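1. Predicted coordinates and the sequence they were generated for:
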Amino acid sequence: MSSFRTEMDSLGPVKVAADAYWGAQTQRAIENFPISGLHMPTKFVRALAIIKKAWAQTNLEQGMLPETIAKAIVAAADEIAAGKLNDQFPVDVFQTGSATSTNMNANEVISNRAIVLLGGERGSKKPVHPNDHVNMSQSSNDIIPTALHVAALDALVHDLIPALKHLHAALAAKAVAFDGIVKIGRTHLMDAVPLRLGQEFGGYASQLEHSIGRAESCIKNLSELALGGTAVGTGLNANPKLPPLVIEKIAKELNLPFKQAPNLFEALAARDAAVETSGVLKTIACSLMKVANDIRLLGSGPRCGIGEINLPDLQPGSSIMPGKVNPVMPEMLTMAAAQVIGCDAAITAGGMQGHFELNTFKPMIAHNLLFSMQILANGCRAFADKCVVGLEANVERCSELIELSLMMCTALAPKIGYDVSAKLAQEAYKTGKTVRQLATEKNLMPKAELDALLNVRAMTEPGA
């Protein structure tokens, strides 16, 4: 028995694996684009299936599709959306810039799966045709940007924003738990005046709060769908009354506020919403980079570093140094953040490729945008659960370093002047004594006044 079947497309015969649900056009794309081994994200494929399902339901309601065919398409699309046919989407990310190959991949898989469900022979295009039935009233040029927005908003609202909120809650909890611990501040990586560890973590929590707001700001533009524009934005071969009905079904299934784009020419030709969202993801990545780097530096040691906090011990850190434990979760998050910044550069370049009526970098943009959201969401959750929740303050170390700090003299400057305070700090540094010790030895002021000025808790709340 042959392991191949022969299918026909407009260019002629094509051999396709006998057990594959894809067809001739997908097979040509497999052969033409052996580029990266990267396939379109599963969330993107899921979005495509949901769109195809909604179109089939709408076409049925309008009397444009026979009930038997429409229900078979819906059943096949549901299987794809559930991830049951992920291995049937082998087309490389680096393919035709419209992602027509991926749209036809979906059309062919849905067609052949529907045919099998109806008892027919895959590859026959009967009774369910990939173009005439599955792709009815559609074009790759409006389906692919629609799938990009559907998948991106789904990932943003249901994955990334909840993950950011999860990390925010963990950091905010530590800000409260650490509020009574005074430590030395640092600017330019050098000793500065005191602050509370809780205030420091409150700053991190605020960064996450701002990140959530930035992510939420992308919802409006990502919710605009290109559906109905078909080839160039004019809507040729599509009833203009139908796309809003399809979009309503998509919105209901995913519980997201989708609507038809007010200008379909813009929706096909430009990928500005994706570029905007990527810019926000880059900003979030920069924020996470700062938080993760601070936490690993504050936990450096355990004996020869800063050591003001203790990170959870998760795994051995060296193949040669016994007992070494590394800050693996901050390292993970900073690498993910760096990758997002790289993805943003690619998306930015791709966003410039909207020549005339169509942007032709869509598969690459989709891959990078969804990949960025995935690693940010997963990274935030892992960092929160495996690092932040288990952080402990090293109170003794915080107290030790703050007393040793030369910048304690800052609190004395209003009383004894800047120049005298500077000389005091310089002498303390040379002699190894603390500012408090020298000020006491020099009898610069009564002890009670000195203690009041060098009250480190008071230094962290000067307006209180």
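-> Arrived safely.

2. which element is the closest residue to Leu225 other than its chain neighbours on?
-> Residue nearest to Leu225 in three dimensions, not counting chain neighbours: Thr146, with 4.7 Å by C-beta to C-beta, 6 or more residues apart in numbering. Just so you know, the C-beta spots here come from the backbone N, C-alpha and C atoms, and that holds for glycine as well. Here Thr146 sits within helix 140-155, counting by DSSP states H and E.

3. how far does that helix sit from the chain's center?
-> Centroid separation between helix 140-155 and its chain, computed with C-alpha atoms, centre = their mean, to the nearest Å, is 16 Å.

4. quick check: angle from whatever helix or strand comes next after it to helix 140-155?
-> Toward the C-terminal end, the helix or strand that comes next after helix 140-155 (DSSP H and E) is helix 161-177. In terms of direction (axes from the mean of the first three to the mean of the last three C-alpha atoms, to 10 degrees), helix 161-177 departs from helix 140-155 by 20 degrees.

5. neighbouring strands for the helix or strand following helix 161-177, and are they parallel or not?
-> Using DSSP H and E, the next helix or strand after helix 161-177 towards the C-terminus is strand 182-187. The strands beside strand 182-187 in its sheet (DSSP bridges) come out as strand 190-196 (antiparallel).

6. For the partner strand, output the C-alpha coordinates as CSV.
-> Output in CSV follows, covering the C-alpha atoms of strand 190-196 (Å, rounded to 0.1, in the frame of the first residue of the first chain):
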residue,chain,number,x,y,z
MET,A,190,27.4,53.1,45.6
ASP,A,191,26.2,53.6,49.2
ALA,A,192,23.5,56.1,49.6
VAL,A,193,21.1,57.1,52.4
PRO,A,194,18.8,54.6,54.2
LEU,A,195,15.5,53.3,53.1
ARG,A,196,13.3,50.4,54.2
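
7. Could you give me the buried positions within it?
-> Residues Asp191, Val193, Pro194, Leu195, Arg196 are the ones in strand 190-196 that count as buried (16 or more other C-beta atoms under 10 Å).

8. Could you export the residues you listed as TSV, including distance to Gly279?
-> Output for these, formatted as TSV (distance: C-beta to C-beta, whole Å):
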residue	distance to Gly279
Asp191	36
Val193	35
Pro194	36
Leu195	31
Arg196	34
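
9. doesn't Leu227 make contact with the residue nearest to Leu225?
-> Yes: counting by C-beta atoms under 8 Å, Thr146 touches Leu227, with 4.7 Å between them.

10. Need the overlap of contacts for the two.
-> Ile51 (C-beta atoms under 8 Å, 6 or more residues apart in numbering).

11. rewinding a little: the residue nearest to Leu225: what's it in contact with?
-> Taking C-beta under 8 Å, 6+ apart as the criterion, Thr146 is in contact with Ala47, Ile51, Leu225, Ala226, Leu227.

12. of all the residues you listed, which comes closest to Ile402?
-> Ala47 (53.1 Å; C-beta to C-beta).

13. Look up the pLDDT of the closest one for me, please.
-> We have a pLDDT of 98 for Ala47.

14. Quick check: next helix or strand after the helix or strand harbouring it?
-> Using DSSP H and E, Ala47 sits within helix 42-61. Note on helix 42-61: by DSSP H and E, the next helix or strand toward the C-terminus is helix 67-81.

15. which residues does the residue nearest to Pro363 when sequence neighbours are not counted contact?
-> In space, and not counting its chain neighbours, Pro363 is closest to Ala99: 4.4 Å by C-beta to C-beta, 6+ apart. Applying C-beta under 8 Å, 6+ apart to Ala99 gives the contacts Met40, Ser140, Ile144, Lys362, Pro363, Ala366.
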